[in-house]
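**Q** this is a predicted model, with the sequence first.
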Amino acid sequence: MKDSQGGCKCAQASSWIMRLVLALVFLNASYMKIFIFTVPGFAQSMGLPEIVAWLIALGELGAGIGIIVGKLIASQDAKGMLTRLSGGIIALIMLGAIILVKSKGFGDGFPQGIAGMYADLALFALGMNFALMGNVGGHCGLCEK
């Protein structure tokens, strides 16, 4: 199905679904770090400097908002820069989570961190998708080009 400008409605709907899920995950993570666990508590539990914990929490908040707003202002945003920046922040946060947190379970030969790593890898891939693609859509294969 094409929209009034000839774009693929299926690809647009898919993009919105990915954006909304990604935004909800990161906004919730930020909320939990700031208001439930508190940033100092999060920093202590992860063995991170408090400034790094604040950067993570605020990065999650900003990226969660930016991934949605980036699409809403797509016509004014040169090449989807807000979407690309937000996706890059998400990918960076997830890469850090995978390297610093999940990989610790492999030290004793038992992959304790592997169960949670699958979700982190999926979130990393979604972040990279938006970092590389910005607001550029595609065709779903059902729509005529």
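**A** Arrived safely.

**Q** my guess is Ala53 contacts Phe42. True?
**A** Yes: using C-beta atoms under 8 Å, Ala53 is in contact with Phe42, at 5.0 Å. Backbone N, C-alpha and C define where each C-beta goes, glycine included.

**Q** okay, and the common contacts of the two?
**A** Lys33 (C-beta atoms under 8 Å, 6 or more residues apart in numbering).

**Q** which residues does Ile73 contact?
**A** Leu82.

**Q** against Ala43, how distant is it?
**A** 33 Å (C-beta to C-beta, to the nearest Å).

**Q** against which helices or strands is the particular helix or strand that has Ile51 in it packed?
**A** Element membership for Ile51, per DSSP states H and E: helix 50-72. Applying 3 or more C-beta pairs under 8 Å, 6 or more residues apart in numbering; DSSP states H and E, we find helix 50-72 packed against helix 9-31, helix 39-46, helix 81-100, helix 114-133.

**Q** which of these is buried the deepest?
**A** helix 81-100 (a mean of 20; mean count of other C-beta atoms under 10 Å).

**Q** okay, angle between it and helix 50-72 too, please.
**A** Interaxial angle, helix 81-100 versus helix 50-72 (axes from the mean of the first three to the mean of the last three C-alpha atoms, to 10 degrees): 140 degrees.

**Q** what sits against Arg19?
**A** Arg19 neighbours (C-beta under 8 Å, 6+ apart): Ile67, Ile68, Lys71, Phe130.

**Q** so Val101 touches Met46, yeah?
**A** Yes: with contact defined as C-beta under 8 Å, Val101 reaches Met46; the gap is 7.0 Å.
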